[in-house]
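Trainee: This is the structure alone, sequence omitted:
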């Protein structure tokens, strides 16, 4: 198991969760809503790519 991939997967998941938290709650009103959408999209892409990479590395 590649540790860089796991760290990337966890980091991407964290970015996605932060974006979703901002979207569903109004507690972080200092950040624009655009940033929340950006975090959700980029975090989701990172989770998908790192998940595929981790799955392929375990398969071989």
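Mentor: On my side now, so go ahead. Keep in mind it's a predicted model, so treat the numbers as computed, not measured.

Trainee: Give the residue spans of this structure that score low on pLDDT.
Mentor: Per-residue confidence for the chain (pLDDT under 70) gives these ranges: 1, 27-31, 59-60.

Trainee: which one's the longest helix in the chain?
Mentor: Taking DSSP state H as the criterion, the chain has its longest helix at helix 33-59.

Trainee: For residue 18, which residues are in contact?
Mentor: By CB atoms under 8 Å, 6 or more residues apart in numbering, the residues touching residue 18 are 39, 43. C-beta here means a position set from N, CA and C on the backbone, and glycine is covered the same way.

Trainee: Assign it to helix, strand or coil.
Mentor: The assignment at residue 18 comes out as helix when based on DSSP: H, G, I helix; E, B strand; the rest coil.

Trainee: how far away is residue 15 from residue 21?
Mentor: 11 Å (CB to CB, to the nearest Å).

Trainee: cool, and residue 55?
Mentor: With distances taken as CB to CB, residue 55 is found 27 Å from residue 21.

Trainee: These two: who's more crowded?
Mentor: The residue with more neighbours, out of residue 55 and residue 21, is residue 21; 13 against 10, by other CB atoms under 10 Å.

Trainee: Work out the gap between the helix or strand that contains residue 10 and the centre of the chain.
Mentor: Taking DSSP states H and E as the criterion, residue 10 maps to helix 3-24. Taking CA atoms, centre = their mean, to the nearest Å, one finds the center of helix 3-24 at 3 Å from the center of the full chain.

Trainee: now stretch 34-51
Mentor: Averaging C-alpha positions (CA atoms, centre = their mean) puts stretch 34-51 5 Å from its chain's average.

Trainee: Stretch 51-60 too?
Mentor: The chain centroid and the centroid of stretch 51-60 are separated by 18 Å, computed with CA atoms, centre = their mean.
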